[in-house]
Structures are given as structure tokens and as C-alpha cells.
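Peer 1: My questions concern the predicted model and sequence given below.
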Amino acid sequence: GAVVSQHPSRVICKSGTSVKIECRSLDFQATTMFWYRQFPKQSLMLMATSNEGSKATYEQGVEKDKFLINHASLTLSTLTVTSAHPEDSSFYICSAQRGDWYNEQFFGPGTRLTVL
Amino acid sequence: EDKVVQSPLSLVVHEGDTVTLNCSYEVTNFRSLLWYKQEKKAPTFLFMLTSSGIEKKSGRLSSILDKKELFSILNITATQTGDSAIYLCAVDSSRTGNQFYFGTGTSLTVIP
């Protein structure tokens, strides 16, 4: 199968600090990774599409200076929430797309961010 | 504007009931429709549908796609408490690369 991990699974931080979330594809190379945000009892909202070696494409309404995405290798993408505020508290999920399965995304387990 | 709409938003049934979840879509360059089940963490894959009229089945779950009327249904028969979850429908469009457009989700609660 195709396994995607996220780290950390849960993080609590103070307002004003930055938090980095890692997304790794463990047994395949991911040409594209996606970052989603999910509020309680709501669906997934796509934040950005990340391609290895190039700048991420952000969805409308998502602040790229606040949510920094880096896709440094074919197995790792990171999302950094800068100067976090309580309203950034959410569940962040990444997914990775394998090159030969263009329409299947493999989801990470998610990261629960709580900003105090 | 591309959109995916699921109904109902939430549903409460008793064990043993049969439920039908709906997903309608308006997406350009449709490629496939996917159903996911989400419990406490990330969504888990259920079905991928690309062709109209062909039912996909897995145990008590089944799903079918109608590309003419632009919708899909997910059926769950003989529901169990373990079926309680959010069911997400996503449409894969080739218009903007390989993005998925997720629906609003249906929250299903099965009570004993």
C-alpha cells in the first residue's frame, strides 16, 4: 500500500509562535502533495497544492505568508503556520499523490493544532 | 464555479436500517468521483467511480454513479454502530491539475 505519515499528530502552542507540520510519503515518491484544513464537523477544505521543487499553489482566501509550504523532496512536504492565533486551531491533513495513480490521493493521519 | 454538494448533512438511524447518501456535482473536466469514510482521523478510501451505471460493492456498502444527472449515491445496508462517521464525497477534475473537490460531508450516526 501507500503510507503517508504526519508529524506531530497533536501540537499545542502559544499565540504568536510558529508551528511546523511534516507530511511524508513513506513507501512511494509523491509528485504532488495537498494540504487540507478541517474544522469540527465540517468537510476538508483544500488549502494548497504542493509540487516538489516548485512554489505551492494556494487556494483563494488562504494566506501564503501565514501558511508556508515547502516541498523539498519527493517524500516530504512541510506546512508552517506562522505567528499562530487561536483561530488557526484546526485539524490539518495532508495527502500525497503517487505519480502513476493520478487520481488517488493517500491521506496522512492529520495533525490537531491548538493555539492558546 | 465547481462544486460538490452532499445530502443530507446529517442523519441519525437505528441499527439495521438502510441509508442512502447523496452526492451531486458540477465540475468541469470530471475524471472520477470518490467516497471516503472519516472517523476520528484522516479519511479512509471507500470507492472510486468513473463509469455511469456500474455499481461498486464492498460488503454492506455499495455505490453508483450517474454521469448524465451528475450524482452518486452511497448505500449502506443493515447499518451498525461502527458505521457512524462522516462520509465524504470528492470529485477529481483534470481542469486544475489533480485537485479533489470535497463535498460538505454527511454525518451519519447509528444508534443501537
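Peer 2: Sure, I can see it. What you see is a predicted model; the values in this text were computed from it and never measured.

Peer 1: so what's the residue lying farthest from the centre of chain B closest to, chain neighbours aside?
Peer 2: In chain B, the residue that sits farthest from the middle, by C-alpha atoms, centre = their mean, is B:Pro112; the gap is 23.2 Å. Excluding the flanking residues, the one nearest B:Pro112 by C-beta to C-beta, 6 or more residues apart in numbering or on different chains is B:Glu15, at 5.5 Å. Yep, even glycine has a C-beta here, placed from its N, CA and C like the rest.

Peer 1: Distance check, that neighbour against chain A.
Peer 2: From B:Glu15 across to chain A, the span is 22 Å (C-beta to the nearest C-beta, to the nearest Å).

Peer 1: From what I see, that residue and B:Thr79 are in contact.
Peer 2: Yes - look at B:Glu15 against B:Thr79 with C-beta atoms under 8 Å: they come within range, at 6.0 Å.

Peer 1: how about B:Gly82, phi and psi?
Peer 2: For B:Gly82, the backbone dihedrals (degrees, to the nearest 10) come out as phi -70, psi -10.

Peer 1: Let me know whether stretch A:46-62 sits next to chain B.
Peer 2: Yes - residues of stretch A:46-62 contacting chain B under C-beta under 8 Å from any C-beta of the partner chain: A:46, A:49, A:57.

Peer 1: Which one of those residues is nearest to B:Ser63?
Peer 2: For those, the minimum distance to B:Ser63 (C-beta to C-beta) is 22.5 Å, reached by A:Leu46.

Peer 1: Surely the closest one forms part of a strand?
Peer 2: Yes - under DSSP: H, G, I helix; E, B strand; the rest coil, A:Leu46 falls within a strand.

Peer 1: what do B:Glu15 and B:Thr79 both touch?
Peer 2: B:Val110 (C-beta atoms under 8 Å, 6 or more residues apart in numbering or on different chains).

Peer 1: okay, the two: which has more neighbours?
Peer 2: Set B:Glu15 next to B:Thr79 and count neighbours by other C-beta atoms under 10 Å in any protein chain shown: B:Thr79 wins out with 21 against 13.

Peer 1: now the strands: where do they sit in the chain?
Peer 2: I went with chain A, as the question did not name one. Using DSSP state E, the strands of chain A run over residues A:4-7, A:10-13, A:19-25, A:30-38, A:44-51, A:57-58, A:67-73, A:76-81, A:90-98, A:105-107, A:111-115.

Peer 1: that's the wrong chain, I meant chain B
Peer 2: Using DSSP E, strands in chain B cover B:3-7, B:10-14, B:19-26, B:30-38, B:44-49, B:56-58, B:61-66, B:71-76, B:85-93, B:100-102, B:106-111.

Peer 1: Just put these in a markdown table and tack on mean pLDDT, distance to A:Phe39 and mean neighbour count.
Peer 2: Output for these, formatted as a markdown table (pLDDT from 0 to 100; distance: least, C-beta to C-beta, whole Å; neighbours: other C-beta atoms under 10 Å in any protein chain shown):
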| stretch | mean pLDDT | distance to A:Phe39 | mean neighbour count |
| --- | --- | --- | --- |
| strand B:3-7 | 93 | 16 | 17 |
| strand B:10-14 | 96 | 15 | 13 |
| strand B:19-26 | 96 | 20 | 18 |
| strand B:30-38 | 91 | 13 | 21 |
| strand B:44-49 | 92 | 20 | 18 |
| strand B:56-58 | 95 | 29 | 12 |
| strand B:61-66 | 96 | 26 | 19 |
| strand B:71-76 | 97 | 23 | 20 |
| strand B:85-93 | 91 | 12 | 24 |
| strand B:100-102 | 85 | 13 | 22 |
| strand B:106-111 | 96 | 13 | 18 |
